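Novice: Fold the following and give me the result.
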Amino acid sequence: MPHVNPLGGRAALKELRALHVRDRARIRKRLREFRSVPPAEYFYEIAYCLLTPQSSARNAGKAVEALRDGCFFERSFDPEPLLRRKESYIRFHRTKAKRLLRAREEYPVIARRLSTGSEGGELRKWLVENVSGLGWKESSHFLRNIGHSGLAILDRHVLKNLRGLGVLGKLPGALTAKRYLAIEQKFREFSSSVGIPMDELDLLFWSMETGEILK
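Specialist: I've put the predicted structure just below:
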């Protein structure tokens with residue numbers, strides 16, 4: 001079992017399990033919703049994950065809704081004005097607008113890859129190597145949002161909680177592929193030791209930080 005922070009210890013694990021019991025019905029419902037996302041929506045799930053880095057999940061969701069309302073996938077247009085709107089402001093909107101346009105252009109290739117039946121880890125590696133703007137975290141996020149399991153989404157909420165529980169000694173700097181996979185393995189071992197699946201822990205950490213179970 002991973003080292004547990006002596007400041008929290010067994011009390012922290014007991015509280016974690018209690019929170020999971022409280023929220024697991026909602027968490028599992030959310031995971032079932034991810035598994036039921038139709039392939040026709042996959043592009044907009046990619047768009048969401050391209051927009052979330054350094055921006056709020058809520059704003060990214062609003063921006064994606066605006067893209068969907070404008071039929072961005074069906075008829076390409078410059079998305080930058082939508083990303084600059086005050087009510088759904090996205091940081092680095094110029095760069096992200098270009099990434100959205102590129103993802104739309106290359107989506108037929110992406111869709112073919114997603115339909116091969118490959119397992120999540122293999123798909124993630126391909127996305128990291130072939131889709132501009134999807135790193136390890138974003139690719140994991142996208143695949144989780146379309147129903148894949150067992151991939152860690154190492155955002156600041158997850159890393160902060162892993163450190164607080166003693167799974168990590170300190171917060172990492174830049175997450176290279178090697179470091180990302182090493183922390184993911186620690187997360188996986190911790191989830192096994194506490195008896196809570198990693199996908200459920202991820203959403204539980206989000207709920208603990210924000211009070212919401214978002215995507």
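Novice: Quickly note the distance from the residue positioned nearest the centre of the chain to residue 85.
Specialist: Computing the C-alpha centroid of the chain and ranking residues by C-alpha atoms, centre = their mean puts residue 141 first, at 2.6 Å. For residue 141, the distance to residue 85 under the criterion C-beta to C-beta, to the nearest Å works out to 23 Å. Placement of C-beta: from N, CA and C, glycine included.
Novice: and what of residue 64?
Specialist: As defined by C-beta to C-beta, residue 64 lies at a distance of 13 Å from residue 85.
Novice: between these two, who's got more neighbours?
Specialist: Set residue 64 next to residue 85 and count neighbours by other C-beta atoms under 10 Å: residue 64 wins out with 24 against 14.
Novice: so what secondary structure elements neighbour the longest helix along the chain?
Specialist: Scanning the chain for the helix with the most residues, using DSSP state H, yields helix 9-35. Contacts defined by 3 or more C-beta pairs under 8 Å, 6 or more residues apart in numbering; DSSP states H and E place helix 9-35 against helix 177-194, helix 198-210.
Novice: So what angle separates the directions of it and helix 177-194?
Specialist: 110 degrees (axes from the mean of the first three to the mean of the last three C-alpha atoms, to 10 degrees).
Novice: ok, then the element right after helix 9-35?
Specialist: Where DSSP states H and E defines the elements, the next helix or strand beyond helix 9-35 is helix 42-51.
Novice: List every C-alpha atom in that next one, with coordinates, as PDB.
Specialist: Taking Å, rounded to 0.1, in the frame of the first residue of the first chain, the C-alpha atoms of helix 42-51 are listed here in PDB:
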ATOM      1  CA  TYR A  42     -16.900  12.400 -30.300                       C
ATOM      2  CA  PHE A  43     -15.700  15.400 -32.200                       C
ATOM      3  CA  TYR A  44     -17.200  17.800 -29.600                       C
ATOM      4  CA  GLU A  45     -15.800  15.700 -26.800                       C
ATOM      5  CA  ILE A  46     -12.400  16.300 -28.400                       C
ATOM      6  CA  ALA A  47     -13.200  20.000 -28.700                       C
ATOM      7  CA  TYR A  48     -14.000  20.100 -25.000                       C
ATOM      8  CA  CYS A  49     -10.700  18.500 -24.100                       C
ATOM      9  CA  LEU A  50      -8.800  20.900 -26.400                       C
ATOM     10  CA  LEU A  51     -10.300  23.900 -24.600                       C
END
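Novice: No further queries at this time; thank you.
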